[in-house]
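**Q** Prediction below, plus the sequence it came from.
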Amino acid sequence: MSELPLRAQLASALGKGAASLSRAARRGDGSVIGGRVALKVEPGLLGKLSRGRRLTLVSATNGKTTTTRLIASALRELGDIATNEHGANMPTGHITALAAKPEARNGVLETDEKYLPQVLEATSPAVVVLMNLSRDQMDRASEINLLAKKWRESLQKSEAHVVANADDPLVAWAGLGARHATWVSAGQRWKEDSWCCPDCGGHLKREPEPHWECPECGLARPEATWSVDNDADVVITPDGQRMKLDLGLPGGANRANAAIAMATAVTYGIHPKQSLPRLREIRSVAGRYTSVVTNGVEVRLLLAKNPAGWLESFAVLGPPRIPVILAVNAQIPDGKDTSWLWDVDYSVLGDRRVFVMGERRTDLALRLETDGVAFDVGDDVAGVVTRIKAEQPEITKVDVIANYTAFQQIRAAYGRVQ
Amino acid sequence: MSDDSSVLRIVWIYPDLLSTYGDQGNALILRRRAEQRGIRTEVVYVYSSDPVPVEGDIYLLGGGEDRPQNLAAERLRSDGGLKRATERGAAVLAVCAGYQIIGESFGDDDDNPLPGVGILDIRSGRGETRAVGEIVAEVAPEVGGGTITGFENHQGRTALGPSARPLSRTLLGIGNDGSTEGAYQGNVLGTYLHGPALPRNPALADLLLSIRVGQLDPLPASWGERLHEERIAAVM
């Protein structure tokens, strides 16, 4: 990296300076401002910083940050890597991440879905990882069929090897645009966005699970070489080996993320036996799945930003005796439209104590009332926990599911826990 | 679908094509507000591969992206069930893409007009800009008056023909054209309030129910009424 042109070196140094200032001023983690300053000085910087490296881009609606962390952890087997672990997933964040590690030969970059084509072109990555696509923040995001089409077109022009989820029809169709692919049967709990063929619009035949095919144009699920057995907590590798996962992160979505991370590591020559122990060490990712103790109660934080994410979060909740706090905001990063609440089935929470909070708790309250789920209204986690403790002193654990800014507010109240 | 005539049959048309964001909310709220009054309900999901039954009471159509919208219009036209149901007096609430579909024509990706189902005298095309954000409108007195609140997210602009009347006058947001929002004609209602239009507007839900079951007992105010007030206060 030291042979960067002078202008790029300057841009990169100025960016790093701005990032440290941002951190020193406690305004943020510096990931965005640093890249923004650098881009002003050298617009072609992302491409220049990528040259000579073996990069992986990770994109999806859900699980980007977690999977990026898992892959990063696996790739450290080969030495230092460049990665945007704070979740700043647009080009400014990528520049900051790459500039911070000029000597790292390998890198993994979480990439916003909309920016994937642009970043793919700028960085010429070795690998592109695609996990899932579903409805998300529709007041500002593109329609996902259109997004999949753009992914597909940009992969058709690229040399990148794709590691993708064969079970998600939109993702698979996009990935089939690439010349080389590794297919992982990573599952798809949320199916409401994939009843129609991404290629011709026909009604997909979706059985027996996880198979899917279009009776009209013949598009069909590519055969996967990797898969997950959720009941047995096992990943099955292309040579048929069953490996016990035993992850530090909960739930089926993370088993799928781990399988994808292991498949990606193989493209770097890292054997699953080497990568898996590294994946097991990760217990939380930027506050997700982490626990804080307040008033003697262990409060676990789950992030869910859209219907598919809420469905996955419900699947990792503790047993029914553990109360759950739901928190919803509708700021710009969350999407200002709360309509998605009506796509989630809350009746599964009917057997546990539920609290609602957040700026749009009235929307949540009506949603729960309509599903016949009893609930109480709270202002903040500490207040709710105090109330639970007073009424049910035997309770030692509480789960929190929050959407993006609600999650960040809660995390900030506990010192930006990681 | 049950043939028991004492059951209120709510028919959700094409959840596989026309359900982008919370459209299910309309069916859930209608069912709840009917059952709170002791009216038995049945919610029927009709997928695009199925025929549309004609014996339903209230038909719901949701939003959809361009291609699913075109497919849904094509299938509904060749099926004919929805049109026959409205001729028998069924009520219809069509939202966003569904609203455009039930009109005379709507624009495809390149704004070429495609034929609609033709149960509402409206014609829709594509506007210059996308209308995204909170919308508040004053409902026409002939359909109960009051204020409606919702979220719109569409590129459509809609002109009403002589047989359709505007559902409301826009106070905030775009709706049909910046001055009116939605349309009605007989028992057929259409609106750009996308997704869950009824949860935020309990009075509109009751209006639809009353078309089929007559006058309704009022319900005690609850979270729906509170959300209605809160959203209007937040944006006006």
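**A** Perfect, thanks for sending it. Residues are numbered from 1 along each chain as shown, chains lettered A, B, ... in the order given.

**Q** Next one: stretch B:127-146, is it in contact with chain A?
**A** Yes. Contact of stretch B:127-146 with chain A (CB under 8 Å from any CB of the partner chain) involves B:V132, B:G133, B:E134. C-beta here means a position set from N, CA and C on the backbone, and glycine is covered the same way.

**Q** Just to check, the last one is in contact with B:I232?
**A** Spelled out, that is B:E134. No. In this structure B:E134 lies outside contact range of B:I232 using CB atoms under 8 Å: 9.1 Å.

**Q** In three-state terms, label A:T61 for me.
**A** Assigned with DSSP: H, G, I helix; E, B strand; the rest coil, A:T61 falls in the coil class.

**Q** so what's it scoring on pLDDT?
**A** We have a pLDDT of 94 for A:T61.

**Q** how far away is B:R32 from A:W151?
**A** 40 Å (CB to CB, to the nearest Å).

**Q** Over to A:T294?
**A** 42 Å.

**Q** So between the two, which is more surrounded?
**A** A:W151 (27 against 17; other CB atoms under 10 Å in any protein chain shown).

**Q** Can you list phi and psi of that one for me?
**A** Backbone torsions of A:W151, given as degrees, to the nearest 10, read phi -60, psi -50.

**Q** Show me what from the stretch 201-350 of chain A comes close to chain B.
**A** So the stretch 201-350 of chain A meets chain B at A:G201, A:H203, A:K336, A:D337, A:T338, A:S339, A:W340, A:L341, A:W342, A:D343 (CB under 8 Å from any CB).

**Q** And the fourth one, how far from A:V128?
**A** Relative to A:V128, A:D337 is positioned 30 Å away (criterion: CB to CB).

**Q** Looking only at neighbour counts, state which of those two leads.
**A** A:V128 (28 against 24).

**Q** residues near A:K273, how many?
**A** 11.

**Q** ok, now which ones touch it?
**A** A:M243 (CB atoms under 8 Å, 6 or more residues apart in numbering or on different chains).

**Q** part of a strand, is A:V293?
**A** Yes. Counting by three-state DSSP, A:V293 is found in a strand.

**Q** For B:S168, which non-adjacent residue is spatially closest?
**A** B:A137 (3.7 Å; CB to CB, 6 or more residues apart in numbering or on different chains).

**Q** Quick check on the one you found: phi, psi?
**A** The phi/psi pair for B:A137 (degrees, to the nearest 10) is phi -150, psi 150.

**Q** I figured it hits B:P166, correct?
**A** No. Here B:A137 does not reach B:P166: they are 9.1 Å apart, not a contact under CB under 8 Å.

**Q** residues from chain B in reach of chain A?
**A** So far as CB under 8 Å from any CB goes, chain B lies against chain A at B:15-17, B:19-25, B:28-29, B:32, B:47-49, B:65-68, B:70-71, B:132-134, B:151, B:153, B:194-196, B:199, B:222-224, B:226-227, B:230.

**Q** Can you get me a residue count around B:T170?
**A** So B:T170, with other CB under 10 Å, has 21 neighbours.

**Q** Kindly confirm my reading that it is in a strand.
**A** Yes. Assessed by three-state DSSP, B:T170 belongs to a strand.

**Q** My read is that it contacts B:E134, right?
**A** No. Counting by CB under 8 Å, B:T170 stays clear of B:E134, with 11.5 Å between them.

**Q** returning to that earlier point: among the residues of stretch B:127-146 next to chain A, which one has the most neighbours?
**A** Going by other CB under 10 Å, B:V132 tops the residues of stretch B:127-146 next to chain A with 19 neighbours.

**Q** My reading is that that one lies in a helix. Confirm?
**A** No. Counting by three-state DSSP, B:V132 is not found in a helix; it is strand.

**Q** Okay, it and B:L61: tell me how far apart.
**A** B:V132 is 21 Å from B:L61, by CB to CB.

**Q** Could you do B:V54 as well?
**A** With CB to CB as the criterion, B:V54 and B:L61 are 15 Å apart.
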